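Undergrad: Here is a sequence with its predicted model. Questions after.
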Amino acid sequence: MAAPVPLRSDFDAEALRGLAVGLRDPAQTRRLLALSVIAAGGLRSEAAKIGGVGLQTVRDWVVAFNADGPDGLIDGKPPGARPRLNANQRDVLKARVDHGPTPAAHGVVRWRLCDLAQILSEDHGVSVSEQTLSRVLRAMGVDRRRRMTLSKTDVIHYGT
């Protein structure tokens, strides 16, 4: 059996309990109290019982505490889903929207979300919902009504 990871020595059991008292995060408090058992010379299995977790999780807490101190025991924000479009596909989409459609080739005079979603599916094999595509375009600064950003020098001509 491997030796347990030692707990950093700049915090003793009393200091860990003192930190746990003033915290508002219950998960961090529970973890600090479990680590205070280890700092007092108790068994890791006792710390696991106090924390309500297994030995591996206690080991992970010790590693996080050793690396970042008490802040290492705060739950981080989960990373979320991977973006549907990578940077290259976003650049291609931005260029296509900036250039605008060719009515003879594309059959439309301005891009609709369904048109752009179909192009992404055909050209890149990426299935993107219209809602996701709208969010991506908004993040790129594309006007939702025009599906392209007009500069101040562009002139819009309406039918005469």
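TA: That came in fine, so what should we check first?

Undergrad: Could you check how far A2 is from L120?
TA: Distance, A2 to L120, using CB to CB, to the nearest Å: 50 Å. C-beta: built from backbone N, CA, C; applies to glycine.

Undergrad: okay, the two: which has more neighbours?
TA: L120 (21 against 5; other CB atoms under 10 Å).

Undergrad: Looks like that one contacts Q89 (just checking).
TA: Yes. Using CB atoms under 8 Å, L120 is in contact with Q89, at 7.1 Å.

Undergrad: which residues do the two both contact?
TA: Taking CB atoms under 8 Å, 6 or more residues apart in numbering as the contact rule, L120 and Q89 both touch V126.

Undergrad: Next, the residue nearest the centre of the chain: secondary structure please.
TA: Within the chain, one residue has its C-alpha closest to the average C-alpha position: by CA atoms, centre = their mean, that is P79, at 3.1 Å. Classification of P79 by DSSP: H, G, I helix; E, B strand; the rest coil places it in coil.

Undergrad: any chance you could map the helices in the chain?
TA: 13-21, 26-39, 44-51, 55-68, 87-99, 103-106, 113-124, 130-139 (DSSP state H).
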